[in-house]
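*Asks:* quick one, what's the 3D model for this:
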Amino acid sequence: MKWVKNEDNYRVPIKSWCGEIEDGALKQAEDLAKHPAIFKHVALMPDCHQGYGMPIGGVIACEDAVIPNAVGVDIGCGMGAVKTDLPVTETSRELIRQIVTRVKELVPCGEGKAHKKKQDWNGFDEKIENPQDRKWYSEHIWKLANRNLGTLGGGNHFIELQEGDDGYVWLMIHSGSRNLGYQIARYYNQVAMSLNDKLKSKIPNKDLAFLPLSSKEGKAYITDMNFALDYAKENRRRIMESFKEALSESFPDTEFECPINIHHNYAGIENHFGKNVWVHRKGATSARTNEAGIIPGSMGSPSYIVEGLGSSDSFTSCSHGAGRAMGRNEASRRLSVEECNEAMEGIVFDRWNKVRHGKEKGSHDLGEAPQAYKDIDTVIESELDLIKPLVKLRPLGVVKG
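*Replies:* Numbers count the residues shown, from 1 in each chain. Take a look at the predicted model:
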């Protein structure tokens, strides 16, 4: 842990593994420390940076309440990783390019990209009853959710072929609940704001509106959030199956170990400090004792397979990645294509897309360049009291949304 802050106007202290935190993220953490439903303390992971309402890389616990924006708009966003028995020495740049190209044929990648046909999944019928009765439901949302299953999405989501320092090739993916989770999150945040206005709740910021778990709205959110979590997990499973298929076409005899498939945007009931509380991890990963975890870097820097140490101070959590050093638009303004290409030297990837909207429209989108992220080794070093690194991975080939 780097520091602890506790002011007279806080209800609980802030404990941080992030040494230097931007002003916006600190203000959000302070608002959390004043929140009426907060329990024990606010924990900030070393990849912490400003989010919407709550910092990304933040962990809190609430008593009998959930805060939709403390889960985030991409409910169930998370990581998947699989170790293969394929030695790194058998790969070549040509074969890596072949695998990357095949992955893009099997998995729709990018915003607005979906399967052309409806995807079958029994979770649509079993996980939530009568979805058409939900206020967030529409025929368009439901049809898109059917076709989005097994797709990557855009932004910082990725599919990567990795070289492990154990000598083997690893497969790694980052994706979530796509538009479905976004629609659920957006709807319930509006519900929470309206309910808090009605109850005259003393929240420090309207973006931290909460739902009492005794309310019908709170119970409905938990049901729908869990549905989005199941959807996100199935989405990653399908992407990984397609990834394995693409690799097996180039290396037919490859065998795969059991996958790791974890969330880093969710809330769940856990026992901490002798109480059952709702732990919210927004851009943070569960790190219970001996629990396997994944902490990715950037598309040009290492990632880590880790094991949790079960720290109570972090509510048994750790970082979910390297964390941003600059925003997407800032990176596109400040960085050049040439320096970003140099940072990706030796890694197979498709060249930078163009910005589609906003002031930067027409320029190159460099928001996922390695320079836009914090140094992953510094992040790992900052949380060695939370996790034990097991395998260091370096990117060989990258597919971005």
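*Asks:* could you count how many residues lie near Lys117?
*Replies:* Using other CB atoms under 10 Å, Lys117 is surrounded by 8 other residues. Any C-beta I mention is one placed from the backbone N, CA and C, and that applies to glycine too.
*Asks:* Leu149 is in contact with that one, correct?
*Replies:* No: with contact defined as CB atoms under 8 Å, Lys117 does not reach Leu149; the gap is 10.9 Å.
*Asks:* enumerate the positions of the helix or strand of the chain with the lowest mean pLDDT that are buried.
*Replies:* Lowest on mean pLDDT, DSSP states H and E among the helices and strands of the chain sits helix 123-126, with a mean of 88. In terms of neighbour count (16 or more other CB atoms under 10 Å), helix 123-126 has its buried residues at Phe124.
*Asks:* could I get the buried residue list for the longest helix along the chain?
*Replies:* Secondary structure assigned by DSSP state H gives helix 216-250 as the longest helix of the chain. Neighbour counts over helix 216-250 (16+ other CB under 10 Å) mark 218, 220-222, 224-244, 246-248, 250 as buried.
*Asks:* phi, psi for Asn265 please.
*Replies:* Dihedral pair for Asn265: phi -140, psi 90, per degrees, to the nearest 10.
*Asks:* residues touching it, list them.
*Replies:* By CB atoms under 8 Å, 6 or more residues apart in numbering, the residues touching Asn265 are 71-72, 74-78, 176, 281-283.
*Asks:* what about stretch 15-27, distance to the chain center?
*Replies:* Here the centre of stretch 15-27 is set off from its chain's centre by 19 Å, with CA atoms, centre = their mean, to the nearest Å.
*Asks:* quick one: contacts of it?
*Replies:* Residues from elsewhere that reach stretch 15-27, judged by CB under 8 Å, 6+ apart: 1-5, 29, 41-51, 55, 57, 313-314, 319, 323, 382-383, 386.
*Asks:* and those residues, which of them are buried?
*Replies:* 1, 5, 29, 41-51, 55, 57, 314, 319, 323, 382-383, 386.
*Asks:* which among the contacts of Asn265 gets closest to Gly293?
*Replies:* Gly293 has its nearest neighbour among the contacts of Asn265 in Gly78, at 10.5 Å by CB to CB.
*Asks:* would you mind identifying the next helix or strand past the least confident helix or strand of the chain?
*Replies:* Under the assignment DSSP states H and E, the closest C-terminal helix or strand after helix 123-126 is helix 139-148.
*Asks:* that next one vs helix 216-250, what angle?
*Replies:* Interaxial angle of helix 139-148 relative to helix 216-250 (axes from the mean of the first three to the mean of the last three CA atoms, to 10 degrees): 30 degrees.
*Asks:* okay, and which of the contacts of Asn265 map to strands?
*Replies:* In this view, the contacts of Asn265 that belong to strands under DSSP state E are 78, 281-282.
*Asks:* what residues of the host helix or strand of Arg186 count as buried?
*Replies:* Using DSSP H and E, Arg186 maps to helix 178-199. Neighbour-count burial for helix 178-199, counted by 16+ other CB under 10 Å, picks out 178-185, 187-189, 191-193, 195-196.
*Asks:* and Gly367, that's in a strand?
*Replies:* No: according to DSSP: H, G, I helix; E, B strand; the rest coil, the state of Gly367 is coil, so it is not within a strand.
*Asks:* burial count for Ile269?
*Replies:* When neighbours are defined as other CB under 10 Å, Ile269 has 12 of them.
*Asks:* quick one: pLDDT of it?
*Replies:* According to the prediction, Ile269 has pLDDT 98.
*Asks:* name the helix or strand for it, please.
*Replies:* Assigned by DSSP H and E, Ile269 falls within strand 265-272.
*Asks:* tell me the buried residues in that strand?
*Replies:* Within strand 265-272, the residues that count as buried by 16+ other CB under 10 Å are 265-268.
*Asks:* give the pairing partners of that strand; include direction for each.
*Replies:* strand 275-282 (antiparallel) (DSSP bridges).
*Asks:* what's the first helix or strand after the partner strand?
*Replies:* strand 284-286.
*Asks:* elements contacting the helix or strand following that next one?
*Replies:* The first helix or strand that comes after strand 284-286 along the chain, using DSSP H and E, is strand 292-295. For strand 292-295, the elements it packs on are strand 78-87, strand 260-263, strand 284-286, strand 303-308, strand 317-319, helix 376-382, judged by 3 or more CB pairs under 8 Å, 6 or more residues apart in numbering; DSSP states H and E.
*Asks:* which of the ones you listed sits closest to Pro108?
*Replies:* Nearest to Pro108 among the helices and strands packed on strand 292-295 is strand 78-87; the distance by CB to CB comes to 16.8 Å.
*Asks:* please state the offset of the closest one from the chain centre?
*Replies:* Distance of strand 78-87 from its chain centroid, counting by CA atoms, centre = their mean, is 18 Å.
*Asks:* now the angle from it to strand 303-308?
*Replies:* Angle, strand 78-87 to strand 303-308, by the same axes, to 10 degrees: 110 degrees.
*Asks:* use 53 as the first number for this chain going forward.
*Replies:* Sure, I'll start counting at 53 from here, so that last one is strand 130-139.
*Asks:* pull the distance from the helix or strand following strand 130-139 to the chain's centre.
*Replies:* Downstream of strand 130-139, the first helix or strand assigned by DSSP H and E is helix 145-158. Relative to the mean C-alpha coordinate of its chain, helix 145-158 is positioned 24 Å out (CA atoms, centre = their mean).
*Asks:* before we move on, the earlier item: pLDDT averaged over the longest helix of the chain, what's the number?
*Replies:* The predicted model assigns helix 268-302 a mean pLDDT of 97.
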